[in-house]
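In: Here is my input; please provide its structure:
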Amino acid sequence: MNLFTDIRALVLDAVRELQAEGRLPGNLDTSAVAVEPPRDPGHGDMATNAAMVLARSASHGPRVLADDLAHRLRRDPRIASAEPAGPGFLNIRLTPLVWQRVVRAALTDPTYGRSSLGGSRRVNIEFVSANPTGPMHVGHTRGAVFGDALARLLAFAGWDVTREYYINDGGAQVDVLARSAFERYREANGLSPEIAEGLYPGDYLVPVGEALKERYGDSLLDKPESEWLIPVRDFATEAMMAMIRDDLAMLGVQMDVYSSEKALYGTGKIEEAIDRLRAQGLIYEGTLEAPKGKLPEDWEPREQTLFRSTAHGDDVDRPVMKSDGAWTYFAPDIAYHFDKVERGFDLLIDIFGADHGGYTKRMKAAVSALSGGRTPIEFKLMQLVKLMENGEVVKMSKRRGTFVTLRDVVEEVGPDVTRFAMLTRKNDAPLDFDFAKVMEQSKDNPVFYVQYAHARAQSVLRKAAAMGIDVNPEALAAAELSLLGHEAELKVAHTIAEWPRLVEIAAKGYEPHRIAFYLYDLASDFHSLWNRGNDDPSLRFLQEGDPVTSAAKIALVRAVAVVIASGLGILGVTPLNEMR
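Out: The predicted structure is shown next:
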């Protein structure tokens, strides 16, 4: 049940009546007709712009059309009032029966809030994709939480979702990792490590060195780098990926696919992708003009192989092969996305750090060219996270000495708090993560506030069951819900009714933070109703000696718990049954 969709259908029925009467033309485009909550709740329960957006096609003004629509809407038993306002808006109030039905739907429909928006189309979401050279830091944490929550949201909205991690194991950074691990291998064999400038100094490589010693003994010590580099690189990369998988598991993130950049080299896959572009006349030999400002690493003042990305919306053509015949870093990325296109996804979503913003146009151009414009690709950029503790910015890791890791954060506050807190800001806005505030038990901490609402609801349900009230959803749905008539109770029902609409809005915009905001609003309405019961005994959930009224109120409580649990599931947060 989506109440806003239902009322929009009612508005369109009224439009069709006017068409049948000849008051509106028959070929109207009604796609812009919307039914939404009014900006001012005092104006009604819902508002529609139908008269305003359709008036141009009518023979009379929007106000007259609004009057005609209002007259027809009032005949429906769900409509308490329909009043034109302003330049053509129509404010609608619904009868209490409608909100009572919303509560019943939340209790009886296991798919309440879910959507068919995705239509089972296939979407690939690539996220995290951290270089396998060390532990994931707090920035990766935000991307991991966002990506997983987005995947859960789109699945909830009817998409067939694949979560994917692209392992950047084909570049120079993994050779640096190998040399760094080799120094720890030397250390494990009793020699002093020589951590030269440019190597990775973190102590997370100490156990890798010890594991190398366990496998190879001291047999690599006297070998030249040309002999030990590849086996050490492969060993260290595998060890780093095992660490990354463990860290993601701590956070409740499970990838469906891990793709390797290294697997693209020497297999013909890069050549195949470039040949596909060449067949379209998009690969040529040329020299790029020097870009203004700081020169990028892949720019050379000489002839090289270029991708005509400007033909697909980019600002400048991009090099795919250097003058010495080596592939640029862009070439394997083209091949990787070509592989995604070939796997038949209907939508690609890449989640990058904000510092990759300049990379999006060239990648969009490549995907457009490789898919013939059939496969859209969206990019979501993650802004920085600033960690705070006791009012000070946290710059150092407690265990690693260089940066704050994902594991540091999760071990400090737990995965649920970490995930919810990371979703309290839109992805492209900077986020302050204050260790003290995210653990604070107050209304100012949305993590606690939402969890507490669910725990409170569960506490009420336990007390109701102890009093002999059947708290199963089916039994509560059969309660006399017409007894829910107080404005505070109906306000909670109003917010529950917005859940399906909110899911679709969040899914369309790829914005899981909207789920966190909605849950805070629902929790606020529920806590407010609870507090009003302290002053008004008639609003208390359990009415002594009146099991019928109690059952109706408990039905509302259970509906709140159902929706909060559903929303927390999208965020990947465990709904608590009691607060510790």
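In: C-alpha from now on. contacts and neighbour counts both.
Out: OK.
In: what's the one helix or strand Phe182 maps to in contact with?
Out: Element membership of Phe182 [criterion: DSSP states H and E] is helix 172-188. Helix 172-188 is contacted from outside by 131-133, 192-195, 198-201, 205-206, 208-210, 212-213, 221, 229-230, 232-234, 236-237, using CA atoms under 8 Å, 6 or more residues apart in numbering.
In: hang on, Lys213 packs against Asn189?
Out: Yes - under the criterion of CA atoms under 8 Å, Lys213 makes contact with Asn189 at 6.9 Å.
In: For the protein, name the helix or strand with the lowest mean pLDDT.
Out: Every helix and strand of the chain was ranked by mean pLDDT, DSSP states H and E. The lowest is strand 392-393, at a mean of 84.
In: Let me know the next secondary structure element after it.
Out: For strand 392-393, the following helix or strand on the C-terminal side (DSSP H and E) is helix 406-413.
In: which ones are touching Pro512?
Out: 146, 149-150, 153, 423, 506, 571.
In: can you rerun that using 10 Å?
Out: Pro512 makes contacts with 145-154, 423-427, 503, 505-506, 567, 570-571, as judged by CA atoms under 10 Å, 6 or more residues apart in numbering.
In: And Phe526, by the same measure?
Out: By CA under 10 Å, 6+ apart, the contact set of Phe526 is 450, 453-454, 456-457, 488-489, 491-493, 495, 520, 532, 556-557, 560-561.
In: Now it: which helix or strand?
Out: Here Phe526 sits within helix 513-535, counting by DSSP H and E.
In: One more: Lys292?
Out: Judged by DSSP H and E, Lys292 forms part of no helix or strand.
In: Where does Glu227 sit: helix, strand or coil?
Out: Three-state assignment for Glu227 (DSSP: H, G, I helix; E, B strand; the rest coil): helix.
In: Next, work out how far apart it and Gly198 are.
Out: Applying CA to CA, to the nearest Å, the value for Glu227 to Gly198 is 21 Å.
In: Same check on Pro132?
Out: With CA to CA as the criterion, Pro132 and Gly198 are 16 Å apart.
In: Looking at those two, which is more packed in?
Out: Taking other CA atoms under 10 Å, Pro132 and Gly198 do not tie; Pro132 has more neighbours (22 against 9).
In: who touches the residue lying closest to Ala58 once chain neighbours are set aside in this structure?
Out: Excluding the flanking residues, the one nearest Ala58 by CA to CA, 6 or more residues apart in numbering is Leu24, at 5.3 Å. By CA under 10 Å, 6+ apart, Leu24 lies in contact with 15-18, 54-55, 57-60, 65.
In: Same list (those) but as a markdown table, adding neighbour count, distance to Val103 and pLDDT.
Out: Below are the contacts of Leu24 laid out as a markdown table (neighbours: other CA atoms under 10 Å; distance: CA to CA, whole Å; pLDDT from 0 to 100):
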| residue | neighbour count | distance to Val103 | pLDDT |
| --- | --- | --- | --- |
| Val15 | 25 | 29 | 94 |
| Arg16 | 17 | 30 | 94 |
| Glu17 | 15 | 31 | 94 |
| Leu18 | 18 | 33 | 90 |
| Leu54 | 22 | 33 | 90 |
| Ala55 | 18 | 36 | 86 |
| Ser57 | 15 | 39 | 76 |
| Ala58 | 17 | 39 | 73 |
| Ser59 | 12 | 42 | 69 |
| His60 | 12 | 40 | 72 |
| Leu65 | 26 | 33 | 92 |
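In: so what are the domain limits for this protein?
Out: Partitioning the chain according to automatic domain parsing yields domains covering residues 3-94, 172-250, 446-571.
In: would you turn those domains into CSV with distance to Tyr166?
Out: What follows is these, written out as CSV (distance: least, CA to CA, whole Å):
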stretch, distance to Tyr166
domain 3-94, 39
domain 172-250, 11
domain 446-571, 20
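In: Tell me which of those sits most buried.
Out: Among the domains of the chain, domain 446-571 has the highest mean neighbour count (mean count of other CA atoms under 10 Å), at a mean of 20.
In: For stretch 80-88, give the mean pLDDT please.
Out: In this model, stretch 80-88 has an average pLDDT of 90.
In: Please export the C-alpha coordinates of that stretch as PDB.
Out: The C-alpha coordinates for stretch 80-88 follow below in PDB (Å, rounded to 0.1, in the frame of the first residue of the first chain):
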ATOM      1  CA  ALA A  80     -12.700  14.600   4.200                       C
ATOM      2  CA  SER A  81     -12.100  17.800   2.300                       C
ATOM      3  CA  ALA A  82     -10.500  19.100  -0.900                       C
ATOM      4  CA  GLU A  83      -9.900  22.900  -1.200                       C
ATOM      5  CA  PRO A  84      -8.300  24.900  -3.900                       C
ATOM      6  CA  ALA A  85      -5.400  27.100  -2.800                       C
ATOM      7  CA  GLY A  86      -3.100  29.600  -4.400                       C
ATOM      8  CA  PRO A  87      -2.500  29.600  -8.100                       C
ATOM      9  CA  GLY A  88      -4.000  26.100  -8.600                       C
END
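In: What are the contacting residues of it?
Out: Contacts of stretch 80-88 (CA under 10 Å, 6+ apart): 43-55, 61-75, 89-96.
In: mind listing the helices for the stretch 301-450 of the chain?
Out: Using DSSP state H, counting those that start in this stretch, the helices of the stretch 301-450 of the chain run over residues 330-342, 360-371, 406-413, 415-422, 435-438, 446-466.
In: so which of the ones you listed comes closest to His513?
Out: Proximity to His513 (CA to CA) singles out helix 415-422 among the helices of the stretch 301-450 of the chain, at 8.7 Å.
In: so what does that closest one touch, helix or strand wise?
Out: helix 138-156, helix 406-413, strand 431-434, helix 435-438, helix 446-466, helix 513-535, helix 547-571 (3 or more CA pairs under 10 Å, 6 or more residues apart in numbering; DSSP states H and E).
In: ok and that helix relative to helix 138-156, angle-wise?
Out: On the basis of axes from the mean of the first three to the mean of the last three CA atoms, to 10 degrees, helix 415-422 is oriented at 90 degrees to helix 138-156.
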